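S.K.: model this:
(chains A, B, C and D)
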Number of protein chains: 2
Amino acid sequence: MKLSERKLKILQAIITDYIETAEPVGSRTLSRKYDLGVSAATIRNEMAELEEDGYLKQLHTSSGRVPSDKAYRLYVDQLMESRILAKIQREALRESLMQKFHEVQNLLKHSAEYLSQLTDYTSIAMAEKTKENRIKHLQLVPVDEERILVVLIMDTGLVKNTLLRIGENLDPRELQKISNLLNHHLQGMEIRQVSQLVIENMQRELYEYRRAIELILMHLQEVVKEVEQIDVFFSGTTNIFNFPEFNDIVKARSFLAMLEEKELIKNLLTLPDQEGLRVSIGRENLYDIAQECSLVTTTYKINNRTIGHLSVIGPTRMDYTKVVSIMLQLNKQLNDLLRDNY
Amino acid sequence: MKLSERKLKILQAIITDYIETAEPVGSRTLSRKYDLGVSAATIRNEMAELEEDGYLKQLHTSSGRVPSDKAYRLYVDQLMESRILAKIQREALRESLMQKFHEVQNLLKHSAEYLSQLTDYTSIAMAEKTKENRIKHLQLVPVDEERILVVLIMDTGLVKNTLLRIGENLDPRELQKISNLLNHHLQGMEIRQVSQLVIENMQRELYEYRRAIELILMHLQEVVKEVEQIDVFFSGTTNIFNFPEFNDIVKARSFLAMLEEKELIKNLLTLPDQEGLRVSIGRENLYDIAQECSLVTTTYKINNRTIGHLSVIGPTRMDYTKVVSIMLQLNKQLNDLLRDNY
DNA sequence: AATTAGCACTCGATTAAAGTGAGTGCTAAT
DNA sequence: ATTAGCACTCACTTTAATCGAGTGCTAATT
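M.R.: The predicted structure is shown next:
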């Protein structure tokens, strides 16, 4: 069942108008505001049919109509035309990203900040759990007589450093020796894979430091446990107050409460393994609280392993054109950066 | 002008009741609910005088009365008796903090999480700018052929690591040599103090690596610039929806918007250089938007240098007794931890 | 002299009723 | 097939009426 050219035109006008005004749109407004070449009465008839087909919804008998999730889906898939960001804006973006690139862990976070500024919606940055990350390098750094700093570099660029109070007083040369041994045995492994056997092997090899080795490895296990917590960052959360759909305190509250549920956010962002950019609209989201929201999400990888997601979340009445354009741009720039640096 | 015993008793009852119910309290409720030994009429007369003295406010002629900031101040300074946390709770807290202690940077953040959970208010963790931090140790770690990891340890326990793409291919021994040189010259200095002269000295000393040395130092300058941004973390922001005073969308919005103003938050938390615990009530805060809020703030130091602040923020009608008790406990535990580890 | 009971009064909050207007569906004319 | 016309619907706004917790004042009581 395909929609006629005219129905599409009307539907597009309705969606555009509703995205702009957040008010249910009626036939009269439509015929006056948009040049559709037919009268209000005709539009009324077409609207009735669009409603039958599930593209429009009426809040009550005597109100204008509002696009359904199905309509937004059609809009995103077919009607919308993505704009290209101005070149200046593009280059400013690139500049800013470059500057923030020193610390990999913060890249997503900073990107989220730009994203919420550019789109005026709320943005989410989520770093993937590092469960399956492999050790790339491990370094022991002396801090003072009592303590060392353990620096752990993963293959996805994640760097984790933690203080460890070590009983013995080890000089830098000794530490280097232990570092070398650890690197030799652990490189390319997942930390959780490190078995008792491997530990014993190492202890045998450097018998005089067997206590230190044990301490360090116990410590690493704990650190990894900590790292496995989901790391979610938000920007522009108060932007939702700009949207009439959240103007009621209960809605606003439940939106903000939703953001605090890390598990839920994680599931919203990671759903199917889809390439590039994903738009999920309203009831397409499996959680009740998210069914009046839409998300536009992109996924980032290093070495073909997902390192995180970036997402824009807002009401289903979202300016998809704007958001998608901006995210496509950002996606491109970030991917370039990641490719060049990893 | 001192308040009579009876006035104090009445005032205390009013504050207690208002903190509990958030409703203006009238003379009748008061005489019924609290055993004050006098009739409602007498209370009415006393209340009228308390209002004259600025301890109570009336929203309109025929409403009950509400404590003023002045009343809260009196309450916090004289009437309130801080409870002691149950021993079990105390030990659970200690346990949790210990576990999160691996990374110094995250300690404040995690503390804030506990704080908002325990108090049911919003909590703020703020790390001090590191402008004046001194370099404790600096380590160059090889990552692969092209890049090294620069690990910077400050005397306040802050650790910062950043990737640096370095042109030359340096083997670990060479890197160690440069590390040593850098440490020798830079230890105990503030990064911003590192002058061109120092750099030239080092370059002369290790002439063959002069390019690497320059690169690293340029890089450090940039990193420090980045670190100087204020780092603020919140927990339990949606708790404010539990308070009737923020039940109106405009108030809730402006509260949340206030939190997003990092500069403002910084000024709220750092005001006077006061030891221990500080309570600032309503209009005592210099910013308009914060004048309906109270903050309870503690400051943390390492080596007598401030490393950060922890704060609980909520309506002036805050359960000061609860919040202050909890914060005193946490403060003690954290200080113990910091003393033992730094 | 201090305390208390009694009472008229105030004023925000709640409820009820009336009025408004944008939008619809249907019918008949074009 | 399209459009003008019209009666009808229903959320939203406005106005009026009522309610009730709380006060201040006065006169009686301790």
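
S.K.: Report how many residues lie close to A:S62.
M.R.: Applying other Cβ atoms under 10 Å in any protein chain shown, we find 7 residues neighbouring A:S62. In this view, the C-beta of every residue, glycine as well, is placed from N, C-alpha and C.

S.K.: and it, how far is that from A:G26?
M.R.: Remark: distance between A:S62 and A:G26 (Cβ to Cβ, to the nearest Å) = 10 Å.

S.K.: Next: A:P315.
M.R.: 21 Å.

S.K.: secondary structure class for A:I124?
M.R.: strand (DSSP: H, G, I helix; E, B strand; the rest coil).

S.K.: ok, for it, nearest residue in space, not its chain neighbours?
M.R.: Counting by Cβ to Cβ, 6 or more residues apart in numbering or on different chains, A:I124 lies nearest to A:S311, which is 4.4 Å off, once chain neighbours are set aside.

S.K.: continuing past the helix or strand hosting that neighbour, what's the next helix or strand?
M.R.: Under the criterion of DSSP states H and E, A:S311 resides in strand A:305-315. Where DSSP H and E defines the elements, the next helix or strand beyond strand A:305-315 is helix A:320-341.

S.K.: Quickly check: that next one near chain B or not.
M.R.: Yes - applying Cβ under 8 Å from any Cβ of the partner chain, one finds helix A:320-341 touching chain B at A:N341.

S.K.: Which strands and helices lie in contact with that helix?
M.R.: If you count contacts as 3 or more Cβ pairs under 8 Å, 6 or more residues apart in numbering or on different chains; DSSP states H and E, helix A:320-341 packs onto helix A:87-99, helix A:104-119, strand A:277-281, strand A:293-302, strand A:305-315.

S.K.: between it and helix A:87-99, how many degrees?
M.R.: Relative orientation of helix A:320-341 versus helix A:87-99 (axes from the mean of the first three to the mean of the last three Cα atoms, to 10 degrees): 40 degrees.

S.K.: Check the offset of helix A:320-341 from the chain's centre.
M.R.: Relative to the centre of its chain, helix A:320-341 is centred 12 Å away, using Cα atoms, centre = their mean, to the nearest Å.

S.K.: burial measure for the spatially closest residue to A:I14 that is not a sequence neighbour, as a count.
M.R.: In this structure, A:I14 finds its nearest non-sequential neighbour in A:V25, 5.3 Å apart by Cβ to Cβ, 6+ apart. For A:V25, the neighbour count with other Cβ under 10 Å is 24.

S.K.: what's the pLDDT at A:V25?
M.R.: The score at A:V25 is 96. That number is its pLDDT.

S.K.: who's in contact with it?
M.R.: For A:V25, the contacting residues are A:I14, A:D17, A:Y18, A:G64, A:R65, A:V66, by Cβ atoms under 8 Å, 6 or more residues apart in numbering or on different chains.

S.K.: Look up phi and psi at A:M154.
M.R.: Dihedral angles of A:M154 (phi, psi; degrees, to the nearest 10) stand at phi -100, psi 160.

S.K.: Give me the number of neighbouring residues for A:Q187.
M.R.: 13.

S.K.: nearest spatial neighbour of it, skipping sequence neighbours?
M.R.: With Cβ to Cβ, 6+ apart as the criterion, A:Q187 has its nearest non-adjacent residue at 5.9 Å, and that residue is A:I135.

S.K.: Let me know the secondary structure of the residue of the stretch 51-200 of chain A found nearest DNA strand D.
M.R.: Among all residues of the stretch 51-200 of chain A, A:S62 sits closest to DNA strand D, at 2.5 Å; criterion: Cβ to the nearest atom of the strand. What three-state DSSP gives for A:S62 is coil.
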